[in-house]
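J.: I would like to see how this sequence folds:
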Amino acid sequence: MTTRGRGATIALACAGVFVAYLPVVTVTVGLPAIQRALGASTAQLSWVSDAFVLPVAALILTAGVFSDVHGRKKVYQVGLALCAVGALVALCARSVQVLWLGQGLAGAGAAALLPVTLALISHAVPDHRERGKYIGLWTTCMMAAMAGPPLIAGVILEHVGWRWIFVLPVPLALLTMVIAARLLQESRASAGRRLDWPGQITAALAITALIYGVIEGGAESFTHPRTLVALAVAVVSAAAFVVIELRSDAPMLDLSLFRSPAFTAASLAALISFLGLIGFFFVLSLYFGVVQQLTTLQSGVRMVLVNVVSMLLGLVMGRLMRRVSPRVLITVGLLVAAVALLSLTTLGPDTSFGSVAWRLALLGLGLGLAFPCITSIAVTAVPPRQAGMAAAGSNAFRQVGGALGPALMGALLTVQAVGALPGHLAEAGLTGERARQITDTAAASGLGAVAGLDLGVDAERALSAMSEAFLDGLRLCLFVSAVLLVLAALAAAVLLRQRQPAATAPAAAAPAAPGGVRRPEPAASPVGAASSHPGRQDPAYNQPDRL
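T.: Residues are numbered from 1 along each chain as shown. Predicted coordinates for the structure are as follows:
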């Protein structure tokens with residue numbers, strides 16, 4: 001690859017991840033406006049976020065395989081097209097169901113873009129030591145997509161309407177497609193790779209059933225037959241996926257990758273941390289809208305602090321990762337983020353902007369330290385030809401966590417807040433029929449629906465009680481999110497401490513092929529043992545200390 005081609009590839013990879021992540025926080029900022037406009041319940045709002053994340057988690061592994069086999073440029077272009085079409089559908093939505101459809105199409109586009117952009121960087125930068133700098137740049141662009149657009153969405157919501165927050169991905173995706181058609185070089189890594197339909201079907205079924213069960217369990221009951229069936233289907237499908245992948249000659253996700261402590265640590269950290277953090281952003285947006293009654297722009301200014309700090313730190317993370325152990329950066333970063341979440345448990349209805357700002361900035365600092373290292377480890381722990389699979393696998397775990405986050409936190413928030421609401425109503429002097437009306441409305445349609453009731457002289461006391469009940473649920477969500485981040489930090493500290501032995505002897509000279517060109521010998525497996533599946537013998541790239 002020429003220097004110009006390498007630069008274009010890296011730039012387009014960063015542009016692709018920027019387009020892919022545009023809906024993540026932009027939609028989160030608009031949730032209160034969407035709830036008011038469409039009359040959506042808390043469970044339906046969870047699906048607004050999960051309708052995007054679910055196809056990302058379900059399709060990302062297949063997208064990684066498809067790009068390796070049929071060409072990364074093709075999958076990159078298809079991903080951009082789906083992002084544009086999904087944004088257009090959401091822009092025209094007149095119901096929450098149509099909004100789900102648009103989000104789903106955009107999520108399918110993101111599923112194509114996330115693994116292929118990392119694989120493009122791996123192809124352009126084969127040296128894993130140098131690659132960390134560009135993966136840090138990739139992460140910075142991801143955080144930039146979660147930083148600036150929420151402010152733009154806030155301005156749009158102040159002056160136009162919530163639908164227009166979806167307009168930004170359309171011109172960006174189309175422009176990037178035109179540039180990529182001219183400058184992006186095609187690449188593949190098709191050796192030993194083919195589409196694994198049994199694995200794809202069981203993986204998608206397991207992820208969908210799990211997220212559906214969590215959302216419906218929070219909205220109704222975790223003992224409801226529909227919820228129990230969904231969770232049982234998730235367990236059975238996950239077990240079937242493992243069996244299928246172990247027996248497949250061309251698995252969608254080579255499970256031997258998890259024998260690498262580095263890859264396992266990165267996957268666990270991505271899953272657990274996104275489970276806590278995406279759920280946190282979901283409930284925080286509701287706090288600003290429901291409790292503090294802020295405008296969308298005011299909410300966006302507060303939430304963007306997290307991503308701005310992470311993005312600025314990402315500019316120097318490439319150099320920092322070459323000097324500091326990734327184990328230290330990930331562990332310290334996740335612990336700092338956990339401390340920031342715990343500090344937010346003191347939030348009240350009248351907490352000032354300054355008091356919130358330093359805590360969110362601290363959270364951004366922790367995430368900025370941890371996330372570039374997590375992404376870099378997942379890709380550099382394997383040989384370059386498996387970079388697409390590793391990127392897809394790591395991103396799949398991240399997106400499963402991200403999909404479960406709003407579902408889990410929405411369920412916790414609803415259960416805790418609705419359960420505490422009668423007590424707070426009684427403290428405010430509201431009992432009897434009026435209290436039952438408010439409690440039934442909150443249980444059926446979410447706490448935000450209480451503000452739409454005609455409560456007359458009781459409105460102020462009811463809203464005060466609702467805010468206190470919401471804060472009870474928020475504190476529980478913050479505590480759970482902090483515990484999850486501590487668990488992710490522990491996983492990184494323990495697994496990344498283990499060093500993989502490097503090859504102790506140089507490889508024997510490869511036999512010469514006709515014409516005097518030597519054929520490369522099959523390299524050693526990354527786990528130090530020969531694999532029973534063809535195409536799985538790879539050099540030992542999984543030493544965390546080499547990153």
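
J.: okay, CA-based contacts and neighbour counts for the rest of this
T.: Noted.

J.: in stretch 122-140, what counts as buried?
T.: 122-125, 128, 131-140 (16 or more other C-alpha atoms under 10 Å).

J.: which two in those residues are spaced the farthest apart?
T.: His123 and Thr140 (19.5 Å; C-alpha to C-alpha).

J.: tally of neighbours for Thr441?
T.: Residues near Thr441, counting by other C-alpha atoms under 10 Å, number 18.

J.: show me what the longest helix seen in the chain is packed up against.
T.: Longest helix in the chain by number of residues (criterion: DSSP state H): helix 387-427. Judged by 3 or more C-alpha pairs under 8 Å, 6 or more residues apart in numbering; DSSP states H and E, helix 387-427 is in contact with helix 42-70, helix 96-124, helix 197-219, helix 261-286, helix 353-380, helix 432-445, helix 459-495.

J.: which one of those lies nearest to Ala338?
T.: Across those, the minimum distance to Ala338, taken as C-alpha to C-alpha, is reached by helix 459-495, at 4.4 Å.

J.: run the chain-centre distance for that closest one.
T.: 19 Å (C-alpha atoms, centre = their mean, to the nearest Å).

J.: cool, and stretch 124-138?
T.: Counting by C-alpha atoms, centre = their mean, stretch 124-138 comes out at 21 Å from the chain centroid.

J.: so which of the helices and strands packed on helix 387-427 is nearest Leu313?
T.: helix 353-380 (5.7 Å).

J.: could you list every helix and strand in contact with that closest one?
T.: By 3+ C-alpha pairs under 8 Å, 6+ apart, helix 353-380 packs against helix 128-145, helix 261-286, helix 296-321, helix 326-343, helix 387-427.

J.: and of these, who's closest to Ala93?
T.: Ala93 sits nearest to helix 296-321 of all these, at 19.5 Å, using C-alpha to C-alpha.

J.: may I see the buried residues of that closest one?
T.: Result for helix 296-321 [16+ other C-alpha under 10 Å]: buried residues 296-315, 317-318, 320-321.

J.: now do stretch 18-36
T.: Neighbour count says stretch 18-36 has 18-35 buried, by 16+ other C-alpha under 10 Å.

J.: next step: these restricted to helices.
T.: Within the buried residues of stretch 18-36, residues falling in helices by DSSP H are 18-29, 31-35.

J.: the closest residue to Leu277 other than its chain neighbours - how many residues pack around it?
T.: Leaving out its chain neighbours, the residue that sits closest to Leu277 by C-alpha to C-alpha, 6 or more residues apart in numbering is Ser481, at 6.6 Å. Around Ser481 there are 27 other residues, counting by other C-alpha under 10 Å.

J.: for the nearest residue to Val48 once chain neighbours are set aside, what are its contacts?
T.: Once flanking residues are discounted, Val48 sits nearest to Trp100: 5.7 Å by C-alpha to C-alpha, 6+ apart. By C-alpha atoms under 8 Å, 6 or more residues apart in numbering, the contact list for Trp100 reads 47-48, 51-52, 90.

J.: just the pLDDT for Trp100.
T.: The score at Trp100 is 91. That number is its pLDDT.

J.: out of the helices and strands packed on helix 353-380, which is closest to Ala112?
T.: That would be helix 387-427 among those, by C-alpha to C-alpha, at 9.2 Å.

J.: how many neighbours does His159 have?
T.: Neighbours of His159 using other C-alpha under 10 Å come to 8.

J.: let me redo that: Leu360
T.: Going by other C-alpha under 10 Å, the residues that sit close to Leu360 add up to 23.

J.: I'd guessed it sits against Ser310; true?
T.: No. Between Leu360 and Ser310 there is no contact under C-alpha atoms under 8 Å: 10.6 Å.

J.: that older thread, in TSV: the helices and strands packed on helix 353-380, plus mean pLDDT.
T.: Below are the helices and strands packed on helix 353-380 laid out as TSV (pLDDT from 0 to 100):
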stretch	mean pLDDT
helix 128-145	76
helix 261-286	80
helix 296-321	78
helix 326-343	91
helix 387-427	79
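
J.: of these, which is nearest Val214?
T.: Using C-alpha to C-alpha, these put helix 387-427 closest to Val214, at 6.0 Å.

J.: just the CA trace of stretch 270-277, in PDB.
T.: Output of stretch 270-277 as PDB, limited to C-alpha atoms (Å, rounded to 0.1, in the frame of the first residue of the first chain):
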ATOM      1  CA  ALA A 270     -15.900  -4.100  26.700                       C
ATOM      2  CA  LEU A 271     -19.000  -6.100  27.600                       C
ATOM      3  CA  ILE A 272     -19.200  -5.100  31.200                       C
ATOM      4  CA  SER A 273     -18.200  -1.500  30.900                       C
ATOM      5  CA  PHE A 274     -20.700  -0.800  28.000                       C
ATOM      6  CA  LEU A 275     -23.400  -2.500  30.000                       C
ATOM      7  CA  GLY A 276     -23.000   0.000  32.800                       C
ATOM      8  CA  LEU A 277     -22.200   3.100  30.700                       C
END
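
J.: in it, what's buried?
T.: So, applying 16+ other C-alpha under 10 Å, buried residues of stretch 270-277: 270-277.

J.: what's the answer for stretch 487-494, then?
T.: Those buried within stretch 487-494 under the rule 16+ other C-alpha under 10 Å are 487-493.

J.: same deal with stretch 356-365?
T.: 356-357, 359-365.

J.: between these, which is closest to Pro149?
T.: Gly364 (16.7 Å).

J.: so where's the stretch 1-150 of the chain uncertain?
T.: By pLDDT under 70, the weakly predicted segments of the stretch 1-150 of the chain are 1, 42-43, 128-129, 132, 147.

J.: one more time with 90, if that's ok
T.: The model of the stretch 1-150 of the chain has pLDDT under 90 over residues 1-8, 21-72, 91-97, 111, 114-150.

J.: thinking again about what came up before, tabulate the buried residues of stretch 487-494 (CSV), appending distance to Val290 and pLDDT.
T.: Output for the buried residues of stretch 487-494, formatted as CSV (distance: C-alpha to C-alpha, whole Å; pLDDT from 0 to 100):
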residue, distance to Val290, pLDDT
Leu487, 30, 87
Ala488, 30, 86
Ala489, 32, 90
Leu490, 35, 89
Ala491, 35, 84
Ala492, 36, 86
Ala493, 38, 87
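
J.: from those, pick the one nearest Thr375.
T.: Nearest member of the buried residues of stretch 487-494 to Thr375, counting by C-alpha to C-alpha, is Ala492, at 12.8 Å.

J.: name the nearest residue to that closest one, ignoring sequence neighbours.
T.: Computed as C-alpha to C-alpha, 6+ apart, the closest residue to Ala492 that is not its neighbour in sequence is Ala265, at 5.2 Å.

J.: the one you found and Leu487 touch, don't they?
T.: No. Ala265 is beyond contact range of Leu487, at 11.3 Å (criterion: C-alpha under 8 Å).

J.: circling back: now list the buried members of the contacts of Trp100.
T.: 47-48, 51-52, 90.

J.: please identify which pair of those residues lies farthest apart.
T.: So, those by C-alpha to C-alpha: farthest apart are Trp47 and Ala90, at 13.6 Å.

J.: which non-adjacent residue is nearest Val236?
T.: The shortest distance from Val236 to any non-neighbouring residue, by C-alpha to C-alpha, 6+ apart, is to Ala206 (7.6 Å).

J.: residues near the one you found, how many?
T.: Counted by other C-alpha under 10 Å, the residues lying close to Ala206 total 25.

J.: same deal with Val78?
T.: Neighbours of Val78 (other C-alpha under 10 Å): 18.

J.: also Leu175?
T.: By the criterion of other C-alpha under 10 Å, Leu175 has 12 neighbours.
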